[in-house]
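[1] need coordinates for the following:
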Amino acid sequence: MRRLPQSAPSLLAPLRDAAVVAVAVFFAALALDDITTDLTAPGFVVERVVLLCCATALLVVAVRLLRGGQRLLGGVSLAVLAAAAPGQQALSPGSVAQHPLAYVATVCALLWFATLAIFFVVSAWRGRAAPTRSG
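    Now for the predicted structure:
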């Protein structure tokens, strides 16, 4: 069995976070689209549960950033979640015109976390490409 080098966990952590964030953003975007465009669904219980699960996953990543010393990224991530979360109850079919701030806050949160996922991938790639010191 081949062992990974000592630095492998530090390289895999950003990729893990990128995957978590990308999946959460994908499912949150699908749920948001369903909530704001489906005129026939009664309550959107499944979609709201999906949004809650996505927010929880993104919260875990934000806390991990803070604990890892990335205070700016972690702080902005928490602020974006805090800004988007209260508006979720206002979202419903046709609510974009009635509650544009809730919709804009949610879309901005999705864009922030998509950008964060790209940051994680670039961070892992740079860590892999960095020369190692010997001696």
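[2] only C-alpha atoms from now on, for both contacts and neighbour counts.
    Noted.
[3] run through the neighbouring helices and strands of whichever strand or helix holds C54.
    Using DSSP states H and E, C54 sits in helix 45-67. When contacts are defined as 3 or more CA pairs under 8 Å, 6 or more residues apart in numbering; DSSP states H and E, helix 45-67 sits against helix 8-37, helix 71-84.
[4] what residues sit buried inside it?
    47-48, 50-51, 54-55, 57-63, 65-66 (16 or more other CA atoms under 10 Å).
[5] who's in contact with that helix?
    17, 20-21, 24-25, 27-28, 31-32, 34-35, 71, 73-75, 77-78, 81 (CA atoms under 8 Å, 6 or more residues apart in numbering).
[6] how much space between L30 and D38?
    Per CA to CA, to the nearest Å, L30 is found 11 Å from D38.
[7] helix or strand with the lowest mean pLDDT in this structure?
    When each helix and strand of the chain is scored by mean pLDDT, DSSP states H and E, helix 95-98 comes last, with a mean of 67.
[8] so whichever helix or strand comes after that helix versus helix 8-37, what angle?
    Using DSSP H and E, the helix or strand that follows helix 95-98 in sequence is helix 100-129. Per axes from the mean of the first three to the mean of the last three CA atoms, to 10 degrees, the angle that helix 100-129 makes with helix 8-37 is 160 degrees.
[9] let me know the angle separating helix 100-129 from helix 45-67.
    50 degrees.
[10] report the distance from helix 100-129 to the chain centre.
    Distance of helix 100-129 from the chain centroid (CA atoms, centre = their mean, to the nearest Å) equals 7 Å.
[11] helices or strands up against that helix?
    Judged by 3+ CA pairs under 8 Å, 6+ apart, helix 100-129 is in contact with helix 8-37, helix 71-84.
[12] now do that helix against helix 71-84, angle only.
    Angle of helix 100-129 versus helix 71-84, following the same axes, to 10 degrees, is 150 degrees.
[13] I'd like to know the average pLDDT value across helix 100-129.
    In this model, helix 100-129 has an average pLDDT of 88.
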